[in-house]
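Enquirer: Predicted coordinates and the sequence they were generated for:
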Amino acid sequence: CLDEIERLSADAHRRYPQIRQRHVYFLTDLGRNTWAPQRPERAEDPIEAFKARCESRLAGSTIAVIDVGAAEADNSAVVDLAAEEPYGVVGVPVRVQATVRHFGRTPRSGAVVSLKLDGRKVDEKSVDLEPGRDVAVVFDAAVEAPREPTARVYEASLAPDRLELDDRRTMVLPVKPQLRVLVVRDVAADDDQRFALELLGDSLELKPGTEGLAVSPIRVAVETDDVLQSGDLSEYDCVFLVDVRRFTPAAVRILHAYLRGGGGLVWWLGPRADIKHYDELLASGAHRLLPARIGPLVAEPQYKLNPLKYEHPLVAELRADDRINLLNAPVYRYFRLDPSPFPAAQRVIEFLNAAKDPLLTAETIGLGRTTLFATGLEASWNAMPVVSPGFVILVQELLSYGAGARNSLRQALVGELLSGTYRRAEAEPNVGVAAPGDAAASPGAATPADVVPDGDAYRWTFADTRRAGLYE
């Protein structure tokens, strides 16, 4: 730092010799990690050495060191705020969890964490904080089930400390009248596949927290692949594609536009799927839809699965329940998947065999998420739907993961790009964004976003996200 100051000072003196006064201000907390000796054997006092160098190398300049630190200024922060599900549904209670981290050196007892819903305080809890540890604060008692479709704004906050900027966290949660799921099957489905599709549909409708509702908020439509010729999948929150033999180029373009726009795709292979067609058309090229290349069929039964430390959000819920027995359910046939050509693709579950073949892979493509199973739903391929209650949990997690892609776009950190898409037929290419602290969103107050054509849609981006808070 002193080297750079000396260089700048000398350069200024050459360029502006008429300027005779130079003032240098250091704003520092004099923290031990910066000002203490780098090596224990070094006896030199860093502050005295700093003063000596300033006097010898920056002669003629006035040096001011301003100590902005404080001896005991412990800081706590709300480092995360998330809903149990990435969306809300009318009639279903919402559980919200805030994560608080204490950065101080001394414990802090009785810290109050409050939750606001649309600006109204709905709950608060008192927690004890330990140095360097996270505390999860769950709010569920006072957060009633939403009664109408809307977008709800949640804010978790701590009592302010010396660094107020990180004492609050905001989250936007869209509330839908219902979740709409499309299940696409092959035209030539037999009795085995129809039974498997019934199990899949039942698992999708068994959303936790909806037991008291007369009708499930999950609406499942099972259609043949002809439905993909319609050109618009935007009404669906997630699309499950079950052992469809082949896809037309038009269907691939429609699925790709849906995925890039934030949709969720879940793929199951099986005996009808034309694997060569999948690998050439769906796992490569400009309209790639799959998170892995597809290799040969493996007909050696596998009885053990590895969830890879439950690190992926798709399987995180499976860690907590020993009764699910999902990871011991036999898989009789599967295709050998290879996600390695795609750096962003992730292994979610793999077989405990020598080859470590993936059973489930996932990837974010565009703004959406795609997941691929190496096996089929039929009982002759995979026993999970029949023998494991954990299959329902896994299907619900697949739905949440796929449908949550669009909502993840609503949560960003300072400096990250905001973006979205909308159909060309719906509006003109004009998007304005009102930043936190601006007047209410209106054409006069909003800052124009960049809008470009993207297939049958417009894609907008907004880069000026320097302030924390709600953007409209």
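Expert: Thanks, I have it. Residues are numbered from 1 along each chain as shown.

Enquirer: pretty sure Gly402 is in a helix, no?
Expert: Yes. Assessed with DSSP: H, G, I helix; E, B strand; the rest coil, Gly402 lies in a helix.

Enquirer: For Gly404, see how far away the nearest residue to it once chain neighbours are set aside is.
Expert: Distance criterion C-beta to C-beta, 6 or more residues apart in numbering; nearest residue to Gly402, sequence neighbours excluded, is Gly264 at 2.1 Å. To be clear about C-beta, it is placed using only N, CA and C from the backbone, and glycine gets the same treatment. Look at Gly264 and Gly404: by C-beta to C-beta, to the nearest Å, they are 8 Å apart.

Enquirer: Mutual contacts of these two, please.
Expert: Where contact means C-beta atoms under 8 Å, 6 or more residues apart in numbering, the residues bridging Gly264 and Gly404 through contact with each are Arg369.

Enquirer: from the chain's centre, how far out does stretch 371-378 sit?
Expert: On the basis of C-alpha atoms, centre = their mean, to the nearest Å, stretch 371-378 sits 24 Å off its chain's mean C-alpha point.

Enquirer: Contacts for that stretch, please.
Expert: In this structure, residues lying in contact with stretch 371-378 by C-beta under 8 Å, 6+ apart are 192-193, 195-197, 199-200, 242-243, 264-271, 290-292, 314, 331, 333-337, 348, 357-362, 381-382, 385, 398, 401-402.

Enquirer: picking up where we left off before, more neighbours, Gly264 and Gly404?
Expert: Per other C-beta atoms under 10 Å, whichever of Gly264 and Gly404 has more neighbours is Gly264, with 25 against 20.

Enquirer: So what does Ser284 have for phi and psi?
Expert: Main-chain dihedrals, Ser284, degrees, to the nearest 10: phi -160, psi 170.

Enquirer: start at 46 instead
Expert: Shifting the count to begin at 46 puts that one at Ser329.

Enquirer: ok, now how distant is it from Ala428?
Expert: According to C-beta to C-beta, Ser329 and Ala428 sit 32 Å apart.

Enquirer: can you check Leu342 too?
Expert: Counting by C-beta to C-beta - Leu342 and Ala428 are separated by 18 Å.

Enquirer: neighbour count winner among these two?
Expert: In this comparison of Leu342 against Ala428, neighbours counted by other C-beta under 10 Å, the higher total goes to Ala428 at 17 against 13.

Enquirer: List phi and psi for the more buried one.
Expert: Its backbone dihedrals place Ala428 at phi -90, psi 0, with angles given as degrees, to the nearest 10.

Enquirer: I'd say it and Val376 touch.
Expert: Yes. In this structure, Ala428 sits in contact with Val376. The criterion is C-beta atoms under 8 Å, and the distance is 7.4 Å.

Enquirer: How many residues are close by Asn398?
Expert: Neighbour tally, Asn398, other C-beta under 10 Å: 14.

Enquirer: right, I mislabeled it, should have said Glu473
Expert: 8.

Enquirer: Tell me how far it lies from Trp505.
Expert: Noted for Glu473: a distance of 12 Å to Trp505, by C-beta to C-beta.

Enquirer: secondary structure element for the residue nearest to Ala204 when sequence neighbours are not counted?
Expert: The spatially closest residue to Ala204, leaving aside those adjacent along the chain, is Val157, at 5.3 Å (C-beta to C-beta, 6+ apart). When elements are defined using DSSP states H and E, Val157 is found to belong to strand 153-162.

Enquirer: Mind giving me the packing neighbours of that strand?
Expert: strand 121-128, strand 141-147, strand 165-174, strand 195-203 (3 or more C-beta pairs under 8 Å, 6 or more residues apart in numbering; DSSP states H and E).

Enquirer: how about Leu218, what does it touch?
Expert: Going by C-beta under 8 Å, 6+ apart, the list of residues near Leu218 reads 128, 132-133, 139, 196-199, 452.

Enquirer: I'd like to know which of those are buried.
Expert: With neighbours counted by 16 or more other C-beta atoms under 10 Å, the contacts of Leu218 contain buried members at 128, 132-133, 139, 197, 199, 452.

Enquirer: And these, which is the shakiest by pLDDT?
Expert: The member of those with the lowest pLDDT is Asn452, at 79.

Enquirer: and the closest residue in space to that residue that isn't next to it in sequence, what does it touch?
Expert: Leaving aside its sequence neighbours, Asn452 sits nearest to Pro131 (C-beta to C-beta, 6+ apart; 4.4 Å). The contact partners of Pro131, taken as C-beta under 8 Å, 6+ apart, are 445, 448-449, 452-453.

Enquirer: Can you pull the poorly scored residue ranges out of the stretch 296-445 of the chain?
Expert: Across the stretch 296-445 of the chain, the stretches falling below the confidence threshold (pLDDT under 70) are 366-370.

Enquirer: what about the helices in this structure?
Expert: Taking DSSP state H as the criterion, the chain carries its helices at 47-60, 77-80, 91-102, 236-250, 294-305, 320-322, 429-432, 435-448, 450-453.

Enquirer: For these, state which one has the densest average packing.
Expert: Among the helices of the chain, helix 435-448 has the highest mean neighbour count (mean count of other C-beta atoms under 10 Å), at a mean of 22.

Enquirer: ok and that helix relative to helix 236-250, angle-wise?
Expert: Relative orientation of helix 435-448 and helix 236-250, computed by axes from the mean of the first three to the mean of the last three C-alpha atoms, to 10 degrees: 70 degrees.

Enquirer: List the beta-bridge partners for the residue nearest to Gly447.
Expert: According to DSSP bridges, Arg414 are recorded as the beta-bridge partners of Gly309.

Enquirer: Isn't it up against Ala448?
Expert: Yes. Applying C-beta under 8 Å, one finds Gly309 in contact with Ala448, separated by 5.5 Å.

Enquirer: Residues that sit against both of those two, list them.
Expert: 282-283.

Enquirer: Stretch 57-76 - what's its average pLDDT?
Expert: Mean pLDDT, taken over the full extent of stretch 57-76, equals 86.

Enquirer: Straight-line length of it, end to end?
Expert: Taking C-alpha to C-alpha, to the nearest Å, the span from the opening residue of stretch 57-76 to its closing residue is 30 Å.

Enquirer: Can you give the distance from it to the centre of its chain?
Expert: In terms of C-alpha atoms, centre = their mean, the gap separating the centre of stretch 57-76 from the centre of its chain is 45 Å.
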